[in-house]
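# just the structure for this:
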Amino acid sequence: MSNKLNRKETKEKDVIITVKRLGINGEGIGYYRKKIIFIPGALPNEVVVAKIIKEFPHYIQAELVRIKEKSPDRVPFPQGVNPATGGLELAHLSYAKQLEFKRDNLLEALKKFHPRGYNKYKVKPTIPAPDEWGYRNKAQYQIEQHHHQISLGLFTPNTHKLQDLPLMPTQSEITQKTERQIKHLIEKLHVPIADPFRHLDGIKTVVVRQAQSTKEIQVTLITIGHVIKNLPALSKQIMNLTDVVSVYQNETNWHNPQVWGNKTVKLAGKNQIIDEILGKKFALSPRAFFQLNPIQTATLYSHALKFLDLSADDTLIDAYSGVGTLGILAAERVKQVIGIESIPEAVADANHNVELNHIKNANYIQGSVEKILPELEHNGIVVDALIVDPPRTGLAKSLIKTLLKIKPKTFVYISCNPSTLAQDLVLLSDSYDVRLIENIDMLPQTPRCECIVKLTLR
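Here you go, the predicted structure:
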């Protein structure tokens, strides 16, 4: 069915709306002619003038024009920041109310999918982040060139419009400064920029990540094509920037919908940067997942480990293990740790981190959790304890079936998506009771939150 049949283009017009609540993405929700209307930037109990942009069969998209009656919870948007910048969906809402919203978001997801006993779950208030601003230690900026003019920055949400070097108040200043310096070097050295219209090779994305504890900076230049003119010279000059210790090239292609490709090569400097959490060291390669808020990560992991009832004879499975953080932090409390991760570089980092921390009872395996876990069970390994930290899509149904079969006695689920978490709990609650859910605010000014769920075998 074509878009014309799915929605009707609307002549833009202004309407007056009383906002009832916030949606899962932080947008204001009201009703117009008995149809739900989404208004980004509007807050509950506000009366606003909104411009209808598109009307669909079951909902309407609109833009905020002006506020007639303002919420007492509204705060000024960060000065000098473009309101169209993505990743600041809640920056106009007081921080205390952001924390309430994130807990309510989880409660609404549980109410929608109603896993067994959901109305008796103990859902604790959201733990605030120590820093509401400047907490992100990784900047991933896209780069384009039009009429010899280079832009490096972030796309305005739901558009193809790139904001050139936007002021991003949740991003650390050093990562933004490094991005600005790299743009200047690209211009000076005339390094080719990838052109999607003419399918010309060049740089597509510039990624800057800094380790919190060591201040080391790792730069990755994501390119279309492998041999890029003046790329070696660029990497050499990037290495002269403050705190930069390594430069990598990651190669992708026009057919890949993801930002990152599968081929990564070091251009200069160290193999990894080193960060530290709760007294353990972690080496990080470019593609390895690591939380974006390093200070709050220690809070997240310490609470998750507290929820695990571990004993010295346990075998702990660290599923979706990344660079091995949780398993390594728990290793001294169990007999053995087996980690499972799909990204090969992350597995290599995890096993390197085992050595780095002088741990003798942990090993990390490359592969999908839903495939590896049944193999371990088939080979006679008894899974006593399990911690999972899956992507936003949640757990594969095949994995849940395996978990319900092997029934680890202690089980902690870390989720970054309340909706998929609630859906997974519908199935998991066949065998497990949910005793406690802790909410951790990892990303202030956004609707996103991390949930830690303690599941107890019934």
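# C-alpha from now on. contacts and neighbour counts both.
OK.
# heading C-terminal from whichever strand or helix holds V426, find the next helix or strand.
Applying DSSP states H and E as the criterion places V426 in helix 418-428. Moving toward the C-terminus from helix 418-428, the next helix or strand (DSSP H and E) is strand 432-440.
# low-confidence stretches in this structure?
Judged by pLDDT under 70, the chain has its weakly predicted residues at 1-12.
# how about the helices in it?
Under the criterion DSSP state H, helices of the chain are mapped to 3-6, 95-113, 173-189, 231-238, 294-307, 325-330, 344-356, 369-378, 397-406, 418-428.
# now the helix holding V426 and helix 397-406, what's the angle there?
Going by axes from the mean of the first three to the mean of the last three Cα atoms, to 10 degrees, helix 418-428 is angled at 40 degrees with respect to helix 397-406.
# elements contacting helix 418-428?
Counting by 3 or more Cα pairs under 8 Å, 6 or more residues apart in numbering; DSSP states H and E, the packing neighbours recorded for helix 418-428 are helix 95-113, helix 397-406.
# relative orientation of the last one and strand 432-440 in degrees?
Calculated by the same axes, to 10 degrees, helix 397-406 forms an angle of 120 degrees with strand 432-440.
# buried set for helix 397-406?
When neighbours are counted by 16 or more other Cα atoms under 10 Å, the buried residues of helix 397-406 are found to be 399, 403-404.
# repeat that for stretch 182-195.
For stretch 182-195, by 16+ other Cα under 10 Å, it's 182-183, 185-186, 191-195.
# right, and K183 touches Q145 too?
No - look at K183 against Q145 with Cα atoms under 8 Å: they stay out of range, at 11.5 Å.
# domain map for this structure?
Dividing the chain into domains by automatic domain parsing, as the record does, gives the ranges 3-69, 100-130+277-457, 138-273.
# so which of those domains is the most surrounded?
Highest mean neighbour count of the domains of the chain: domain 100-130+277-457, a mean of 19 (counted as mean count of other Cα atoms under 10 Å).
# how distant is that domain from the center of its chain?
In terms of Cα atoms, centre = their mean, to the nearest Å, the centre of domain 100-130+277-457 is found 15 Å from the chain centre.
# again, but for stretch 195-204
27 Å.
# could you work out the end-to-end span of that stretch for me?
The first and final residues of stretch 195-204 sit 8 Å from each other (Cα to Cα, to the nearest Å).
# quick one: contacts of that stretch?
Stretch 195-204 is contacted from outside by 142-145, 191-194, 221-225, 228, 254, using Cα atoms under 8 Å, 6 or more residues apart in numbering.
# so which of the domains of the chain comes closest to A84?
Taking Cα to Cα as the criterion, A84 comes closest to domain 138-273 out of the domains of the chain, the separation being 5.8 Å.
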